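Colleague: Attaching a predicted model along with its sequence, questions to come.
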Amino acid sequence: MPPATEPVSLAEAKAHLRVTSDDEDTLISALIVAAREAAEHETGRSLITQTWEKTLDVFPADIRLDYPPVQSVTSIKFLDENGDEQTLSASSYKLDNASDSGPGWIKIATGLAWPSTYPEINAVRVRYVAGWTSAAEVPQSIKQWMLLNIGHWYENREATSEAKREPLPFIGGLLGRYWIPSI
């Protein structure tokens with residue numbers, strides 16, 4: 001599910017663009033969403049609180065939760081050996097979300113084992129919440145990357161142009177420190 005708010009507000013984007021009228025608020029709001037989605041794609045992170053669902057065919061040793069920072073696990077549902085949906089008790093597993101520089105992990109509680117599942121694709125569904133809890137927590141360099149892209153897209157609304165435009169050489173470096181490698 002998409003976040004309820006964006007890391008860059010309409011007012012911040014308009015100030016960056018030096019736009020004072022409300023005539024293009026719809027366009028600028030769409031550019032904010034596009035910039036957030038692009039930043040999330042580039043970094044492998046959730047920028048603002050949103051709900052994700054990960055599906056697996058069986059329980060692995062540990063469950064990797066992408067798009068950090070992971071806030072919480074909402075539920076773990078699975079098809080038991082008879083094909084009936086069950087919800088795993090929260091006391092059966094532990095969330096390891098201590099590292100801000102990598103994914104979150106779900107580990108089975110000490111002394112327990114993951115239950116057997118029905119032989120079906122997507123037999124395990126993990127619903128979790130990830131992202132920084134407010135725009136104020138999103139690192140400023142990510143917001144700056146978003147604003148630079150919003151500005152570029154605002155000024156260059158067409159897919160092609162007569163003018164030769166070179167990307168700013170430093171813009172990619174704004175996200176580098178927040179990049180999460182995927183597997």
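Modeller: Perfect, I can see it now.

Colleague: Secondary structure of Ala15: a strand, I assume?
Modeller: No - looking at Ala15 with DSSP: H, G, I helix; E, B strand; the rest coil, it is helix, so not inside a strand.

Colleague: pLDDT on the lengthiest helix in the chain, on average?
Modeller: Using DSSP state H, we find that the single longest helix of the chain is helix 25-43. For helix 25-43, mean pLDDT rounds to 96.

Colleague: Kindly report the domain assignment for the protein.
Modeller: 10-46+135-176, 50-130 (automatic domain parsing).

Colleague: still on that earlier bit, buried sites along the longest helix of the chain?
Modeller: Buried residues in helix 25-43, counted by 16 or more other Cβ atoms under 10 Å: Ile28, Leu31, Ile32, Ala35, Arg36, Ala39, Glu40, Glu42, Thr43. Any C-beta I mention is one placed from the backbone N, CA and C, and that applies to glycine too.

Colleague: mind showing which ranges of this protein have poor pLDDT?
Modeller: The chain contains residues with pLDDT under 70 at 160-172, 182-183.

Colleague: any idea where the strands of it begin and end?
Modeller: Per DSSP state E, the chain carries strands over the ranges 50-56, 62-65, 70-79, 85-87, 93-96, 104-108, 124-130.

Colleague: In the protein, which residue is most central in space?
Modeller: The geometric centre of the chain, computed from its C-alpha atoms, lies nearest to Ser46 (Cα atoms, centre = their mean), at 2.2 Å.

Colleague: what does the longest helix of the chain contact?
Modeller: In this structure, residues lying in contact with helix 25-43 by Cβ atoms under 8 Å, 6 or more residues apart in numbering are 2-3, 6-10, 13-14, 17, 19, 45-48, 67, 142, 145-147, 149-150, 153-154, 175, 178-180.

Colleague: Among the residues you listed, which lie within helices?
Modeller: Using DSSP H, the members of the contacts of helix 25-43 that fall in helices are 10, 13-14, 17, 142, 145-147, 149-150, 153-154, 175.

Colleague: could you flag which of the residues you listed are buried?
Modeller: When the ones in helices among the contacts of helix 25-43 are checked for burial by 16+ other Cβ under 10 Å, the buried set is Ala13, Lys14, Leu17, Ile142, Trp145, Met146, Leu147, Asn149, Ile150, Trp153, Tyr154, Leu175.

Colleague: Distance to Leu56 added to those, as a markdown table?
Modeller: Shown next, in a markdown table, are those (distance: Cβ to Cβ, whole Å):
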| residue | distance to Leu56 |
| --- | --- |
| Ala13 | 38 |
| Lys14 | 43 |
| Leu17 | 43 |
| Ile142 | 29 |
| Trp145 | 32 |
| Met146 | 32 |
| Leu147 | 37 |
| Asn149 | 34 |
| Ile150 | 36 |
| Trp153 | 36 |
| Tyr154 | 41 |
| Leu175 | 29 |
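
Colleague: Out of the buried residues of helix 25-43, which two sit at the greatest distance?
Modeller: Ile28 and Thr43 (22.3 Å; Cβ to Cβ).
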